[in-house]
Structure formats: structure tokens, C-alpha cells
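>>> here is the input, now give the coordinates:
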Amino acid sequence: MLLLTVSTLLLFFSSSGLALQIQCYQCEEMTHDCSTPEFIVNCTVNVQDMCQKEVLVKDDGIHYRKSCASSGACLIASSGYQQFCTGKLNSVCITCCNTPLCNGPRQRKRPQPSAAITLNMPQLPVFLLHIVLLLSSTLC
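Residues are numbered from 1 along each chain as shown. From the prediction side, this is the model:
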């Protein structure tokens, strides 16, 4: 019975429009950081789940390439180019991240607000875990 309930809930949440989509900055070979609203794109739902940022150091300056990416492809590319990420001429640095617009400019570190005043919505996996635990305690 519990398995049926959990399966039904998972099916409901996956078909209810709660698909995973991320927004990233996208540009090709720009000599400026292309982190402005006109470069924001919606990535392909449930396929491109990360943002990728490439920083290339060339003779004429720093070039940026930003895009949506699948986690597998991005992580393979970033690890493959790690040895070439020196910051010197002909350097190539590839980074991957999985929060909206995370391939934009670096955010200045701010102190964390107090947990007492911050109310965050639980993320979907945590929310589902709470439902499963609640159902299992009431059904048993």
C-alpha cells in the first residue's frame, strides 16, 4: 500500500508541471562577460540541467562562451580542460553550475542571514521525503 501511495505521489509531481528547468546566460566568443538580460535563455527541460561557462585567454584578450549544458557533458568538459586552466595566454577554463543564471558574473559574498528570519521553501526532493515519512508513519 505504501509503495502504491509513494508511486502515485511521484507520478503526480512529475506530471504536474514541476519539471526541472534552469535559465542560463548564452553567448559565443564574446569579448565582454555577456551577463545581461538579453543573453538569458531557458534551457531544455530535464535535459540541460546545468549552466556552463568557458573563459578563454587569447592574444586579443579574454573571451567568454556561455551556454546551457547537460550535467554529464559539462562535467566531462570541465574536468578535461582543468589542466589548461592557468589564467595565462591560451588558457581555457570551463566551469559548471546548477542554479539559475549561475554562469553570470561572480556574486560578492554576503553574510548568511539568520535562520530565524529566513523562511525558505523546501526543495522538491526534501518535500517528497517529508510526505513519504508522514505517510509511512500514518499507514503503519
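>>> show me where the protein has helices.
2-15, 71-80, 124-139 (DSSP state H).
>>> list the buried residues for stretch 77-96?
The neighbour-count criterion (16 or more other C-beta atoms under 10 Å) identifies A77, S78, V92, C93, I94, T95, C96 as the buried residues of stretch 77-96. All C-beta atoms are positioned from the backbone trio N, CA, C, and that covers glycine.
>>> what's the second one in contact with, if anything?
Translated: S78. With contacts taken as C-beta atoms under 8 Å, 6 or more residues apart in numbering, S78 has the following neighbours: Q52, I94, T95, C96.
>>> and of those, the nearest to T36?
Each of those was checked against T36 using C-beta to C-beta; the closest is Q52, at 17.9 Å.
>>> surely that closest one is in contact with G72?
No. Here Q52 does not reach G72: they are 11.8 Å apart, not a contact under C-beta atoms under 8 Å.
>>> who has more neighbours, the two?
Q52 (26 against 10; other C-beta atoms under 10 Å).
>>> tell me the contacts of the more buried one?
Under the criterion of C-beta under 8 Å, 6+ apart, the neighbours of Q52 are C24, K66, S67, C68, A69, C74, A77, S78, I94, T95, C96, N103.
>>> try it again with 7 Å
Counting by C-beta atoms under 7 Å, 6 or more residues apart in numbering, Q52 makes contact with K66, S67, A69, C74, I94, C96, N103.
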